[in-house]
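> need a structure here:
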Amino acid sequence: MKNILKYIITRILLTIPMLFILLSIVFVVLRVMPGDPVSAMLGGHAPERVIEKKREELGLNRPLVVQYFDYLGDIIRLDLGESMIFKQKVTQPIKEKFPATLELTVFGMLFALFIGIPLGSLAARNRRTPGDYALRLYGNIVYCIPVFWMGLMLQLIFGVWLRWLPIAGRTSPRLFVSLFEKTGFYIVDTLLVKNFVAFGDVMLHLLLPAATLGIVLSGVFLRLTRANMLDTLKSDYVLAARARGLPERKVIRKHALKNAFIPILTMLGLQFAVLLANAILTETTFSWPGIGRLLIERIYLRDYPTIQGVIVVYALIVSLISLVVDIIYAIIDPRVKY
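Residues are numbered from 1 along each chain as shown. This is a model prediction of the structure:
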């Protein structure tokens with residue numbers, strides 16, 4: 001326990017320089033990109049004196065070094081700053097949009113696991129058969145498909161042609177969110193007030209974007225599960241279980257899949273970062289009101305503080321998930337030492 005606690009503290013301390021490097025890169029990239037917040041706010045035909053006055057008001061006429069250290073000082077004080085465009089705290093839109101992104105990401109990961117792990121197990125059990133080759137081909141194809149294209153195809157098939165599912169938004173326009181919104185997590189909120197009609201509507205809107213993320217990522221878990229299952233199926237304890245006459249299904253589920261899941265758990269943390277990156281494109285495709293869509297909107301407006309604030313939140317989420325996965329890994333596998 002002492003070693004795990006020491007490892008947690010070390011990981012948290014290592015997150016600080018990572019954030020520092022990330023913020024430095026984002027700060028420089030935003031400033032060297034064409035355009036600035038003043039141009040986005042006033043347009044290209046505003047008088048020069050108005051532009052200069054606005055730049056002075058926003059502090060953009062100060063040396064970059066001064067702007068940089070002022071921003072780092074705000075971050076150290078846990079202050080993400082104020083939006084240059086809307087004159088509101090950066091934390092306000094992030095708090096409003098974050099539940100939608102987390103809801104989408106969690107369900108996307110569940111889709112990926114529930115599709116990828118069973119298919120990978122099935123492919124390993126039927127190694128070098130037509131079914132195995134077909135599943136491996138599926139895994140390679142879905143992983144190579146751009147997530148926005150997958151989203152557009154699902155919208156076209158299930159939303160336009162079949163008209164089974166909604167293709168945009170988080171709820172129907174006729175659904176009054178104010179009647180049940182408490183935590184910002186609509187699935188939880190609708191269950192808390194026992195509004196099952198609203199719950200069904202929320203789930204229908206969540207299905208296509210979550211499936212888009214899950215299908216694309218399922219290829220990774222399919223290949224990883226198959227590879228680890230093939231290794232565990234050759235191990236002595238699996239051979240011993242078969243020799244005792246245990247049913248093949250029980251051997252697979254209780255022995256092979258359980259031990260093959262440990263490397264999958266490690267990959268789970270790494271793929272969560274990929275899932276968040278894909279969520280940005282998915283939210284744009286489905287008009288999903290999350291922080292990914294917020295990031296894209298503010299990039300167009302050159303709203304530096306909000307862009308940097310969203311990236312800080314993303315980095316913290318990825319670091320936290322990675323830390324949690326490592327701790328769970330140590331609990332599941334006693335052989336891991338810190």
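
> Name the residues of the helix or strand containing Asp201 that come out as buried.
For Asp201, the host element (DSSP states H and E) is helix 196-233. By neighbour count on 16 or more other CB atoms under 10 Å, the buried set for helix 196-233 is 198-199, 201-202, 205-226, 228-230, 232-233. For every residue, glycine as well, the C-beta is placed using N, CA and C.

> next one: stretch 82-91
Result for stretch 82-91 [16+ other CB under 10 Å]: buried residues 82-85, 89-91.

> what does that stretch rub up against?
Stretch 82-91 is contacted by residues 37, 40-41, 58, 80-81, 93, 298, 301-306, 309 when judged by CB atoms under 8 Å, 6 or more residues apart in numbering.

> mind redoing it with 6 Å?
37, 58, 80-81, 301, 303, 305-306, 309 (CB atoms under 6 Å, 6 or more residues apart in numbering).

> what does stretch 309-328 give?
Outside stretch 309-328, the residues within contact range by CB under 6 Å, 6+ apart are 11, 15, 19, 22, 26, 80, 90, 94, 268-269, 272-273, 276, 291, 295.

> May I ask which of those has the most neighbours?
Of all the contacts of stretch 309-328, the highest neighbour tally under other CB atoms under 10 Å goes to Ile291, namely 28 neighbours.

> residue contacts, that one?
94, 97-98, 101, 310.

> Likewise for Tyr68?
If you count contacts by CB under 6 Å, 6+ apart, Tyr68 has them with Phe27.

> would you say it is within a helix?
Yes. Under DSSP: H, G, I helix; E, B strand; the rest coil, Tyr68 sits within a helix.

> how far away is it from Gln308?
Tyr68 sits 11 Å away from Gln308, taking CB to CB, to the nearest Å as the criterion.

> Not counting its neighbours along the chain, what's nearest Leu30?
Tyr304 (5.4 Å; CB to CB, 6 or more residues apart in numbering).

> count of neighbours near the one you found?
25.

> Please report how far the most centrally placed residue in the chain lies from Arg62.
Centroid-nearest residue in the chain: Leu276, 2.2 Å away (criterion: CA atoms, centre = their mean). Distance from Leu276 to Arg62, counting by CB to CB: 33 Å.

> Phe27 too?
In terms of CB to CB, Phe27 sits 13 Å off from Arg62.

> Check Lys194 too.
Computed as CB to CB, the Lys194 to Arg62 distance reads 54 Å.

> out of these two, which sits in the busier spot?
Arg62 (13 against 9).

> separation between the more buried one and Phe20?
Arg62 is 21 Å from Phe20, where distance means CB to CB.

> before we move on, what about Arg127?
47 Å.

> Now do stretch 16-23: distance to the chain's middle.
19 Å (CA atoms, centre = their mean, to the nearest Å).

> shaky segments in the chain?
Residue ranges of the chain with pLDDT under 70: 1-3, 40, 43-44, 178-179, 254-255, 329-338.

> Got the domain ranges for it?
2-76, 97-332 (automatic domain parsing).

> Tell me which of the ones you listed sits most buried.
domain 97-332 (a mean of 18; mean count of other CB atoms under 10 Å).

> Give me the distance from it to the chain's centre.
9 Å.

> can you give me the end-to-end distance of stretch 286-306?
Using CA to CA, to the nearest Å, the end-to-end distance of stretch 286-306 comes to 22 Å.

> Quickly note the distance from Val324 to Arg242.
Counting by CB to CB, the gap from Val324 to Arg242 is 35 Å.

> What of Met150?
40 Å.

> any idea how far Met203 is from the residue nearest to the centre of the chain?
Leu276 is 22 Å from Met203, by CB to CB.

> With Pro130 instead?
36 Å.

> Okay, and the nearest residue to Leu281 once chain neighbours are set aside sits in which element?
Leaving aside its sequence neighbours, Leu281 sits nearest to Phe148 (CB to CB, 6+ apart; 4.6 Å). Applying DSSP H and E as the criterion places Phe148 in helix 147-154.

> In PDB, list the C-alpha atoms belonging to the helix or strand following that helix.
Next helix or strand after helix 147-154 toward the C-terminus (DSSP H and E): helix 186-192. Taking Å, rounded to 0.1, in the frame of the first residue of the first chain, the C-alpha atoms of helix 186-192 are listed here in PDB:
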ATOM      1  CA  TYR A 186     -29.100  13.800 -18.600                       C
ATOM      2  CA  ILE A 187     -29.300  10.000 -18.200                       C
ATOM      3  CA  VAL A 188     -28.800  10.400 -14.400                       C
ATOM      4  CA  ASP A 189     -31.100  13.400 -14.200                       C
ATOM      5  CA  THR A 190     -34.000  11.700 -16.000                       C
ATOM      6  CA  LEU A 191     -33.800   8.600 -13.800                       C
ATOM      7  CA  LEU A 192     -33.600  10.800 -10.600                       C
END
